[in-house]
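K.L.:
Okay, structure incoming, though there's no sequence with it:
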């Protein structure tokens with residue numbers, strides 16, 4: 001039996017939910033249905049904190065409240081086939097939906113490295129499934145020696161969080177020379193490594209896992225440095241790959257990184273099918289080259305664009321590319337990054353100038369809770385336009401990187417940032433006389 005809907009959304013992660021809710025706001029008369037393959041989803045960014053910081057893993061549940069509040073039907077099933085000619089989607093249980101507009105928010109699947117023994121018991125990819133994650137958390141808490149594979153954001157946050165569990169020995173392995181290598185230059189990566197090591201985490205950079213050994217369950221790991229280490233459990237946190245098989249089978253074009261190709265309005269090659277979130281191609285804000293960025297913030301921005309443009313283009317909502325804006329929290333310290341790093345800018349051939357500044361996030365700096373701040377801004381040397389920025393320090397850095405992100409999106413110059421007007425308060429910010437973003441911009445201007 002066929003079920004006719006106006007807007008069909010496949011996937012109920014942050015992208016799928018916001019895409020459906022935005023569609024409801026822009027097209028209130030339409031019938032909207034969301035298909036989700038996982039009955040009990042989780043908030044992706046909160047996964048690491050299910051291990052220790054949250055009292056109960058269920059506190060990180062991603063439910064259906066936002067969808068139900070907006071009169072959006074939810075179907076728990078797995079979409080398996082798209083027929084573009086008939087405009088139908090078939091599910092694993094045999095349900096068939098006829099759509100006017102289709103939004104693909106199928107997300108990504110964890111990358112499983114080709115390591116001998118990777119399928120042994122005790123080796124856990126990170127899936128966005130509450131029931132699965134609860135079992136992992138229980139097993140990790142009963143182990144002794146934990147290895148986190150991957151030194152990107154998810155790996156670093158997992159290592160930091162698991163180190164809070166008493167009695168566990170935690171190691172993290174990253175094959176590149178530094179942690180967080182795609183988002184930070186070396187001096188900020190060192191900040192992350194120091195923070196983890198202060199929690200007792202063993203950090204192994206420039207190192208690969210060559211093999212995993214044990215009878216049926218993981219017992220040891222052989223590393224590329226020639227050492228073997230005892231391991232009870234391994235968490236794989238090396239990122240994901242776009243979940244696009246169904247789209248590809250339907251003849252939709254994929255990019256070089258295997259994400260679904262979309263235009264600036266998130267339309268695929270089929271004008272009635274949109275793709276958003278991890279499954280869609282990402283392009284760099286400055287170079288417009290494909291880039292591997294999988295962020296909930298980017299996904300929800302794309303979702304708002306798609307949801308608004310389903311039936312008529314609202315030109316003010318278009319995707320100009322990702323600025324790859326991140327923040328993370330390690331041992332009470334914040335790291336944030338947006339736009340191009342110094343290393344990435346040089347690789348792309350930009351002639352750049354760097355502005356650096358250090359300060360304190362309260363004034364005077366002797367106030368309780370004050371933290372040191374370090375800021376690095378990257379500008380085009382000729383035009384003075386900001387290309388990227390990085391920040392480390394206390395909690396305030398979580399919003400400072402958002403300020404830098406706005407500057408990037410608005411293509412502000414170092415001169416404009418030098419004259420930035422900001423609200424300041426002794427307990428909330430650095431002093432207006434030595435505001436670190438302004439100082440970094442002034443530092444860059446002096447070098448031009």
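P.N.:
Sure, I can see it. Keep in mind that what you see is a predicted model, and the values were worked out from it rather than measured.
K.L.:
drop to CA atoms for contacts and neighbour counts, all remaining ones
P.N.:
Will do.
K.L.:
Mind listing residues that contact the helix or strand where residue 35 lies?
P.N.:
Using DSSP states H and E, residue 35 maps to strand 32-36. For strand 32-36, the external contacting residues (C-alpha atoms under 8 Å, 6 or more residues apart in numbering) are 5-12, 16, 20, 24, 72-79.
K.L.:
Only whichever of those residues are buried, select them in PyMOL.
P.N.:
One line in PyMOL is enough to select the buried members of these, burial here meaning 16 or more other C-alpha atoms under 10 Å:
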select buried, resi 5+7+8+9+10+11+12+16+20+24+72+74+77+78+79
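K.L.:
so residue 120 touches residue 216, yeah?
P.N.:
Yes. Residue 120 lies in contact with residue 216 (C-alpha atoms under 8 Å); the separation is 5.9 Å.
K.L.:
Compare these two (neighbour count), which wins?
P.N.:
Using other C-alpha atoms under 10 Å, the more surrounded residue of residue 120 and residue 216 is residue 120, with 18 against 11.
K.L.:
ok, now which ones touch that one?
P.N.:
Residue 120 is in contact with 212, 214, 216, 217, 218, counting by C-alpha under 8 Å, 6+ apart.
K.L.:
Quick check: residue 145 vs residue 139, distance?
P.N.:
For residue 145, the distance to residue 139 equals 12 Å [C-alpha to C-alpha, to the nearest Å].
K.L.:
same deal with residue 340?
P.N.:
With distances taken as C-alpha to C-alpha, residue 340 is found 39 Å from residue 139.
K.L.:
for stretch 86-99, how far is the first residue from the last?
P.N.:
Distance between the two ends of stretch 86-99: 9 Å, counting by C-alpha to C-alpha.
K.L.:
roughly how far out does that stretch sit from the chain middle?
P.N.:
30 Å (C-alpha atoms, centre = their mean, to the nearest Å).
K.L.:
Could you do stretch 416-432 as well?
P.N.:
Distance, centroid of stretch 416-432 to centroid of chain: 28 Å (C-alpha atoms, centre = their mean).
K.L.:
Pull up the gap between residue 320 and residue 287, please.
P.N.:
In terms of C-alpha to C-alpha, residue 320 sits 11 Å off from residue 287.
K.L.:
which of those two has more neighbours?
P.N.:
residue 320 (15 against 11).
K.L.:
On the three-state scheme, the more buried one is what?
P.N.:
Three-state assignment for residue 320 (DSSP: H, G, I helix; E, B strand; the rest coil): coil.
K.L.:
what residues are up against it?
P.N.:
Neighbour list for residue 320: 264, 285 [criterion: C-alpha under 8 Å, 6+ apart].
K.L.:
Quick check: it vs residue 249, distance?
P.N.:
Taken as C-alpha to C-alpha, the span from residue 320 to residue 249 is 28 Å.
K.L.:
hey, where'd the helices end up in this structure?
P.N.:
In the chain, helices defined by DSSP state H lie at 14-26, 65-69, 130-141, 153-162, 186-198, 245-249, 296-308, 342-347, 397-409, 414-418, 436-445, listed in chain order.
K.L.:
With distance to residue 35 and mean pLDDT added, can I get those helices in CSV?
P.N.:
Below are those laid out as CSV (distance: least, C-alpha to C-alpha, whole Å; pLDDT from 0 to 100):
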stretch, distance to residue 35, mean pLDDT
helix 14-26, 9, 96
helix 65-69, 11, 95
helix 130-141, 17, 95
helix 153-162, 26, 95
helix 186-198, 39, 95
helix 245-249, 14, 97
helix 296-308, 16, 94
helix 342-347, 38, 94
helix 397-409, 33, 96
helix 414-418, 45, 95
helix 436-445, 44, 96
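K.L.:
of those helices, which approaches residue 387 most closely?
P.N.:
Nearest to residue 387 among the helices of the chain is helix 397-409 (6.3 Å), distances taken as C-alpha to C-alpha.
K.L.:
can you pull the buried residues of that closest one?
P.N.:
397, 398, 400, 401, 402, 404, 405, 407, 408, 409.
K.L.:
Domains in this structure, by residue range?
P.N.:
Domain assignment for the chain by automatic domain parsing gives 2-108+241-308, 123-238, 332-445.
K.L.:
can I get those domains in TSV with distance to residue 325?
P.N.:
Output for the domains of the chain, formatted as TSV (distance: least, C-alpha to C-alpha, whole Å):
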stretch	distance to residue 325
domain 2-108+241-308	8
domain 123-238	9
domain 332-445	4
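K.L.:
Could you check how far the closest residue in space to residue 365 that isn't next to it in sequence is from residue 184?
P.N.:
The spatial neighbour of residue 365 that comes closest, neighbours along the chain excluded (C-alpha to C-alpha, 6 or more residues apart in numbering), is residue 371 at 7.8 Å. Counting by C-alpha to C-alpha, the separation of residue 371 from residue 184 is 20 Å.
K.L.:
Please say which of the two ends up with more neighbours.
P.N.:
residue 184 (25 against 21).
K.L.:
any idea how far residue 322 is from the residue nearest the centre of the chain?
P.N.:
The centroid of the chain falls nearest to residue 295 when counting by C-alpha atoms, centre = their mean (2.8 Å). Distance check for residue 295 against residue 322: by C-alpha to C-alpha, it reads 10 Å.
K.L.:
ditto for residue 82
P.N.:
28 Å.
K.L.:
So those two - more neighbours on which side?
P.N.:
Here residue 82 and residue 322 are compared on neighbour count by other C-alpha under 10 Å; more neighbours surround residue 322, at 26 against 21.
K.L.:
quick revisit: residue 340 and residue 139: which is more packed in?
P.N.:
Using other C-alpha under 10 Å as the criterion, residue 340 and residue 139 rank with residue 340 on top: 29 against 13.
K.L.:
which of the residues in stretch 30-41 are buried?
P.N.:
Using 16+ other C-alpha under 10 Å as the test for burial, stretch 30-41 gives 31, 32, 33, 34, 35, 36, 37, 38, 39, 40, 41.
K.L.:
quick one, what contacts the residue nearest to residue 81 when sequence neighbours are not counted?
P.N.:
Leaving aside its sequence neighbours, residue 81 sits nearest to residue 90 (C-alpha to C-alpha, 6+ apart; 5.2 Å). The contact partners of residue 90, by C-alpha under 8 Å, 6+ apart, come to 79, 80, 81, 82, 96, 97.
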